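Q: below is the structure, and that's it, no one-letter string:
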């Protein structure tokens, strides 16, 4: 099946309230345009240079999501146009995003990445880090970022019980923040977890934003 058919199959499985980010990393413009011409607009990249290059070449109404680990010195390249930054995992990075967004006279939507996986290689804030960030004076002074919600990546394992529990942990943290720190902010509404291998589990546990690549575009090209 081609990209359009694959996309249709996924969309039939993803409820209407869940945003589907088509992860186009390593894929050529033609594959992205096939999904675009089928009506899709949310695309994700995990490398800044790829995202910038594709944004320059492809239609202006695409909503670009930066889903990979983001280094502070590369924020300036994305600040003029990025739709959402998914992997914000430190106060320092958030401060840089705020500063670069101010230069562009815009407010950038961000997801705070929470470390739910057991793997050492995964990025993200601990719950303690998260609370320190949200209660810091520096955070309260930021006017050019908007925290839209949380993001997390489960452990790379075939153990669906473990994956489900990690997603459940993320949802618990999200719900606590929604009822306290972000109680009066309707824009705090995004819970991003779930990829090609576990998106259905993630949706069952409350995710309303999933990032799917290989099921739409086929295996990655390395």
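A: It's in. All values derive from a computational prediction rather than experimental measurement.
Q: phi, psi for residue 139 please.
A: Main-chain torsions, residue 139, degrees, to the nearest 10: phi -60, psi -40.
Q: how far away is it from residue 91?
A: 7 Å (CB to CB, to the nearest Å). Where you see a C-beta, it was placed from the backbone N, CA and C, and this is true even at glycine.
Q: shared neighbours of these two, anything?
A: residue 133 (CB atoms under 8 Å, 6 or more residues apart in numbering).
Q: on contacts alone, who are the packing partners of whichever strand or helix holds residue 87?
A: Under the criterion of DSSP states H and E, residue 87 resides in strand 84-88. Applying 3 or more CB pairs under 8 Å, 6 or more residues apart in numbering; DSSP states H and E, we find strand 84-88 packed against strand 63-66, helix 91-103, strand 108-113, strand 145-151.
Q: which of these sits closest to residue 73?
A: helix 91-103 (8.2 Å; CB to CB).
Q: the closest residue to residue 80 other than its chain neighbours - how many residues pack around it?
A: Taking CB to CB, 6 or more residues apart in numbering, and ignoring the residues beside it in sequence, residue 80 has residue 104 as its nearest neighbour in space, at 5.0 Å. Counted with other CB atoms under 10 Å, residues neighbouring residue 104 total 15.
Q: any idea how far residue 104 lies from residue 98?
A: From residue 104 to residue 98 the distance is 11 Å (CB to CB).
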